[in-house]
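Chemist: build me a model from this:
(one chain, ligands or ions: 1)
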Amino acid sequence: MGGTAVVVGGGIGGLAAAIGLRRIGWEVTVVERAAALADAGAGISLHANGLRALDVLGVGAAVRAAARPQYTGGTRTPSGRWLARMDGAALARALGTPIVGIPRAVLHGLLRDALPPRCLVVGVTVPSVDRSAPGRVRVPVGDGVLDADLVVAADGVRSRLRGGLFPGHPGPVHNGSTVLRAVTYRPVALHSDFELTWGRGTEFGHIAFADGRAEWHAVLNSPPGVRYADTLGVLRRRFGRWHDPVPALLDATRPEQVLHHDVHELATPLPSFTSDRIALLGDAAHAMTPNLGQGACQALEDAATLAAALSTEPSVAAALARYDSERRPRAQAVARAARLAGRMGQQLSHPLAVALRDTALRLAPSGATARAVLRHADWAPPALG
Ligand code: FAD
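Modeler: Residues are numbered from 1 along each chain as shown. Prediction:
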């Protein structure tokens, strides 16, 4: 079954969906509101499930080649004491691949390169879609209209399309945290590939890249909307006395490179990831807190699953029913687990709760961290028909 599709949103999820649809012979147009296709973010970890989805989409090898495997790291206290070590080699043995870290701009660029430029329309916001014609969806694009068999709503956590399809849904909510992050402008001497350090209501972490630079992120419990005139100065005061390499990462950062976002998630699960001929995908469908590093991985799973369903089912309706049944329970379970991981980890601020958390982590049997990762990363990708 071939057809025409419009993908609304050119983030990681939308581009991956477009690649999948093109691989199964569909004509695809991606419509992105930003004037240029890019990804506003620092770095990202991709677990085995995300990498397996990228393999289905045909871009796994290119992403692995540009990424840095994560073999060493774990979770520490602000003084540097290890609470849990990550055994990346054991994970790689169990899953066939280590977790990898990659600059988001590089990942986004590799996805973009897998699509012919004529598929991509930038600088156009899609306000809504018209479902009045039977068997078609009409998408206003600038002064014209694109007529499609399928629309993929990949327009992110604040998805307008989702709002139109599910007007009773409350939409995203703030989870109580704010995140500041950046990529260093030069290589930094790091002793591990990936680390998290948990304080009281705070987290500082890094992902090392193949070129020696790194992304770091700082998460703070905070009401939404709080912004700082001197962001890097505030971070130095909060984290400057934390263990090496936290101060070194801040020192290797240009102030104008620091991104600051409040964390929002779809705390109320959607009743469906589809409506008529529209599939919701990525953060539009299941925006989750970043505590498991699974949001983009789940978007990649969505993209591979959608393409597989459309390539094997006899109709768009049957394919979307399968997409919803395969994706919704899993993505929503991962979102719940991510929320819990945040509440039991970074967000704890009472000294007693923090002490209990740290003790539990320190006493956990070796392999507990790997098992926690395996729970979500061990996903069997569908085959394209
Ligand atoms: P987006 O990236 O939000 O893309 C949506 C796109 O749609 C945007 O380009 C937007 O401009 C466009 N758009 C919106 N509305 C319209 C419209 N009306 N018309 C046209 N275009 C529109 N995930 C991981 O797997 N691993 C990690 O390590 C990880 N770390 C994270 C760290 C942080 C701090 C955060 C916040 C998230 C992290 N995530 C991680 C989650 C991941 O970033 C997201 O899940 C993922 O980027 C979602 O991609 P998306 O394409 O669905 O949405």
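Chemist: please enumerate the helices of the stretch 251-385 of the chain.
Modeler: 283-286, 295-312, 316-344, 351-363, 368-377 (DSSP state H, counting those that start in this stretch).
Chemist: just the endpoints, please. Distance across stretch 218-237?
Modeler: 12 Å (C-alpha to C-alpha, to the nearest Å).
Chemist: what comes into contact with it?
Modeler: Stretch 218-237 is contacted by residues 174, 176-181, 201-205, 238-239, 247, 250, 253, 255, 258, 260, 262-263, 346-347, 349 when judged by C-beta atoms under 8 Å, 6 or more residues apart in numbering. For every residue, glycine as well, the C-beta is placed using N, CA and C.
Chemist: and if we set it to 6 Å?
Modeler: By C-beta atoms under 6 Å, 6 or more residues apart in numbering, the surrounding residues in contact with stretch 218-237 are 174, 176-180, 201-204, 250, 255, 258, 262, 346-347, 349.
Chemist: what do you get for stretch 338-346?
Modeler: Contacts for stretch 338-346 (C-beta under 6 Å, 6+ apart): 203, 219, 288, 289, 291, 292.
Chemist: quick check: nearest residue in space to residue 260, chain neighbours excluded?
Modeler: Excluding the flanking residues, the one nearest residue 260 by C-beta to C-beta, 6 or more residues apart in numbering is residue 180, at 5.0 Å.
Chemist: now do the buried residues in the strand or helix carrying the one you found.
Modeler: Assigned by DSSP states H and E, residue 180 belongs to strand 173-183. Residues of strand 173-183 classed as buried: 175, 176, 177, 178, 179, 180, 181, 182, 183 (neighbour count, 16 or more other C-beta atoms under 10 Å).
Chemist: tell me what the fourth one is bridged to.
Modeler: Partner residues in beta bridges with residue 178, using DSSP bridges, are residue 220, residue 262.
Chemist: gap between it and residue 261?
Modeler: 7 Å (C-beta to C-beta, to the nearest Å).
Chemist: also the second one?
Modeler: Residue 176 sits 14 Å away from residue 261, going by C-beta to C-beta.
Chemist: how far is the strand holding residue 180 from where the chain is centred?
Modeler: In terms of C-alpha atoms, centre = their mean, to the nearest Å, the centre of strand 173-183 is found 13 Å from the chain centre.
Chemist: could you dump that strand to PDB, C-alpha only?
Modeler: Written as PDB, here are the backbone C-alpha positions of strand 173-183 (Å, rounded to 0.1, in the frame of the first residue of the first chain):
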ATOM      1  CA  VAL A 173       2.000  20.100  32.500                       C
ATOM      2  CA  HIS A 174       5.100  21.400  34.200                       C
ATOM      3  CA  ASN A 175       6.800  18.600  36.200                       C
ATOM      4  CA  GLY A 176       8.400  20.900  38.800                       C
ATOM      5  CA  SER A 177      11.800  21.000  37.200                       C
ATOM      6  CA  THR A 178      13.800  23.300  34.900                       C
ATOM      7  CA  VAL A 179      16.800  22.200  32.800                       C
ATOM      8  CA  LEU A 180      19.800  24.200  31.700                       C
ATOM      9  CA  ARG A 181      22.200  22.600  29.200                       C
ATOM     10  CA  ALA A 182      24.900  23.200  26.700                       C
ATOM     11  CA  VAL A 183      27.600  21.700  24.600                       C
END
